[in-house]
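Student: okay, structure incoming, though there's no sequence with it:
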DNA sequence: CGAGCCGTTGAGGGGATTCAAGCTCAGTGG
DNA sequence: CCACTGAGCTTGAATCCCCTCAACGGCTCG
């Protein structure tokens, strides 16, 4: 089994250093975020103590098993949700990017199911349970918005099984690239995980991950691989994907 | 990649043949089911058109991509949630047993994310969206109950990744047995899937699944394997699990 | 500049797949 | 009645993909 967890990781000194509490309306991700569907009027007359939480790369937001008083929306960056097996192997079970909600179990007063770690410098909005409840009282549309988030998370987890965890390693890698595409930066460059992280997502060893990245670079699917950034030839990706999937 | 889908499966002529509509209170699974937490008083004065849906083994309840007007609670039996890859390989992503809620996406008017198929003769309660909405109006505790279901499904999907889809095939098989244990019948016998189904759950071939079952029988982890029923030596299972997990 | 992390590549071994044969059992029809 | 069939399961042999172990280079940082 691949993926010994051997990285000693800096932890967020919880409560993480918060930027000044802000109101929601000026937020750049509001349209996609939890409160995006709600009327401005609702939000403006509800007192919200929503804080901005910055996270360094590889910094942990919360641990599996902890209970916390807040859920989070990813404002920028990328978060991985992972757990560790009894044998000490890490497995990444989901990724959450801009606009996605994580740690929703806190709203039910249940312990976090996974550890949440920033893949890169990341900023989140902290949504305390109390704030959510207050908004829910003011606007009955919130429960539905929350359920839609839950369903989205469920669908992502299930497709992680069918895409990322199924078939030969090459297919899994290609499916992972497909999934990283939407999180590309403004120059269209996707974030390439460390080889070890790729391994923890695909359940392969870091050596196999490295060989796959090299091979895909040679084939031109990946271009200008510099460190953790790369451009993906989307057409070629689709092409080799159907070939690998047969 | 394992698991060609080659079984021509009988489909439920939808709408499936329904037993007479019943009220919830006398239901044997109500305590664990969606309406279990709600007051009897609430349920008795809300008109519910909840129907009992029987399903034969390998009969499909709904297909991926379909939209439907109802979610379902498993009253007895076992349901598998599966999808098929572009290459035509099946992958089972979740199991739902007695008391569990499936097809919740219908409550949001979203298409079903997976196909739901009965593993054995199964009975479900059909919960139309309209009924859920009426109950929600009468009892404000329902949204929370629903969210708890969503969270449970999400946690099951994520642990399916970490348990069933991670590590060597032997470990996956043992984890699968662990997960079948709670669904054992009244004589403590677990349902053993077909070898092909095991393959579709663990992403291995049916031959490998067969070898694993044979090996575990020889080792005494599985006993009295007759057809699709077997007893599991729980102590020995735990024992070989820690051994395999190292 | 040495230490540690990250990535790459090679060689060898092992676990899972592939291909194949043969078995049991239920259903079917001559 | 019994061959005939097809589905499901098992087992063997050969192949291949991925893991393991190992060595090495680039890079950052103390």
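Tutor: Cool, got the structure. Computed from a prediction, not measured in an experiment: that's the story for all the values here. Residues are numbered from 1 along each chain as shown, chains lettered A, B, ... in the order given.
Student: residues from chain A in reach of DNA strand C?
Tutor: When proximity is defined by CB under 7 Å from any atom of the strand, chain A lies next to DNA strand C at A:7-8, A:194-196, A:206-207, A:210-211, A:213-214, A:225, A:228. Backbone N, C-alpha and C define where each C-beta goes, glycine included.
Student: which ones among those residues map onto helices?
Tutor: In helices, defined here by DSSP state H, the members of those are A:195-196, A:206-207, A:210-211, A:213-214.
Student: pull the most distant pair out of the residues you listed.
Tutor: A:196 and A:214 (15.5 Å; CB to CB).
Student: which one of the two has more residues nearby?
Tutor: residue A:196 (19 against 12; other CB atoms under 10 Å in any protein chain shown).
Student: how's chain A carved up into domains?
Tutor: Segmentation of chain A into domains, based on automatic domain parsing, reads A:34-162, A:166-244.
Student: so which of the residues of chain A next to DNA strand C are also by DNA strand D?
Tutor: Applying CB under 7 Å from any atom of the strand to the residues of chain A next to DNA strand C, those adjacent to DNA strand D are residue A:207.
Student: of the residues of chain A next to DNA strand C, grab the buried ones for ChimeraX.
Tutor: Buried members of the residues of chain A next to DNA strand C, defined by 16 or more other CB atoms under 10 Å in any protein chain shown, are picked up in ChimeraX with:
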select /A:195,196,206,211,213
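Student: would you reformat the residues of chain A next to DNA strand C as a markdown table and include pLDDT?
Tutor: Below are the residues of chain A next to DNA strand C laid out as a markdown table (pLDDT from 0 to 100):
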| residue | pLDDT |
| --- | --- |
| A:7 | 39 |
| A:8 | 38 |
| A:194 | 97 |
| A:195 | 97 |
| A:196 | 98 |
| A:206 | 98 |
| A:207 | 98 |
| A:210 | 98 |
| A:211 | 98 |
| A:213 | 98 |
| A:214 | 97 |
| A:225 | 82 |
| A:228 | 90 |
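Student: report all helices and strands that the longest helix belonging to chain A contacts.
Tutor: Of all segments of type helix in chain A, defined using DSSP H, the longest is helix A:142-159. Counting contacts by 3 or more CB pairs under 8 Å, 6 or more residues apart in numbering or on different chains; DSSP states H and E, helix A:142-159 packs against strand A:90-97, helix A:129-138, strand B:78-84, helix B:142-159.
Student: deepest in the core, which of those is it.
Tutor: Ranked by mean neighbour count, these are led by strand A:90-97 with a mean of 24 (mean count of other CB atoms under 10 Å in any protein chain shown).
Student: check whether it comes near chain B.
Tutor: Yes. Where contact is defined by CB under 8 Å from any CB of the partner chain, part of strand A:90-97 touches chain B, namely A:91, A:93-94.
Student: kindly report the same for stretch A:160-176.
Tutor: Yes. Stretch A:160-176 reaches chain B (CB under 8 Å from any CB) through A:160-162, A:165-168, A:171.
Student: okay, the nearest residue to residue A:118 once chain neighbours are set aside: pLDDT?
Tutor: Spatial nearest neighbour of residue A:118, excluding adjacent residues (CB to CB, 6 or more residues apart in numbering or on different chains): residue A:55 at 4.1 Å. With respect to pLDDT, residue A:55 scores 96.
Student: before we move on, what about residue A:14?
Tutor: Per-residue confidence (pLDDT) for residue A:14: 44.
Student: which one of the residues of stretch A:160-176 next to chain B sits in the busiest neighbourhood?
Tutor: Within those, neighbour counts (other CB under 10 Å) peak at residue A:160, which reaches 26 neighbours.
Student: isn't it right up against residue A:94?
Tutor: Yes. In this structure, residue A:160 is within contact of residue A:94 by CB atoms under 8 Å, at 6.1 Å.
Student: could you pick out which of the residues of chain A next to DNA strand C are near chain B?
Tutor: Taking CB under 8 Å from any CB as the test, chain B is in contact with none of those.
Student: of the residues of chain A next to DNA strand C, which is the nearest to residue A:183?
Tutor: Among the residues of chain A next to DNA strand C, and counting by CB to CB, the member closest to residue A:183 is residue A:228, at 12.5 Å.
Student: wait, doesn't the closest one sit right on residue A:192?
Tutor: Yes. Counting by CB under 8 Å, residue A:228 does reach residue A:192; the two are 5.0 Å apart.
Student: who's in contact with the residue nearest to residue A:118?
Tutor: Applying CB atoms under 8 Å, 6 or more residues apart in numbering or on different chains to residue A:55 gives the contacts A:12, A:16, A:61, A:77, A:79, A:118, A:121-124.
Student: same question for residue A:188.
Tutor: residue A:231.
Student: please tell me how far it sits from residue A:29.
Tutor: Distance of residue A:188 to residue A:29, computed by CB to CB, to the nearest Å: 20 Å.
Student: ok, residue A:193 next?
Tutor: Counting by CB to CB - residue A:193 and residue A:29 are separated by 23 Å.
Student: before we move on, what about residue A:225?
Tutor: Residue A:225 sits 29 Å away from residue A:29, going by CB to CB.
Student: the helices and strands packed on helix A:142-159: lowest mean pLDDT?
Tutor: Per-stretch mean pLDDT for these is lowest at helix A:129-138 (a mean of 91).
Student: can you give me the angle that one makes with helix A:142-159?
Tutor: With axes from the mean of the first three to the mean of the last three CA atoms, to 10 degrees applied, the angle from helix A:129-138 to helix A:142-159 works out at 120 degrees.
Student: so stretch A:59-76, near chain B or not?
Tutor: No. Judged by CB under 8 Å from any CB, stretch A:59-76 stays clear of chain B, getting no closer than 10.3 Å.
Student: which of the ones in helices among the residues of chain A next to DNA strand C sits closest to residue B:144?
Tutor: residue A:196 (39.1 Å).
Student: may I have the secondary structure class of residue A:74?
Tutor: Put simply, residue A:74 is strand when judged by DSSP: H, G, I helix; E, B strand; the rest coil.
Student: next: residue A:68.
Tutor: Taking three-state DSSP, the label given to residue A:68 is coil.
Student: touching, residue A:171 and residue A:245? I think so.
Tutor: Yes. Counting by CB under 8 Å, residue A:171 does reach residue A:245; the two are 6.0 Å apart.
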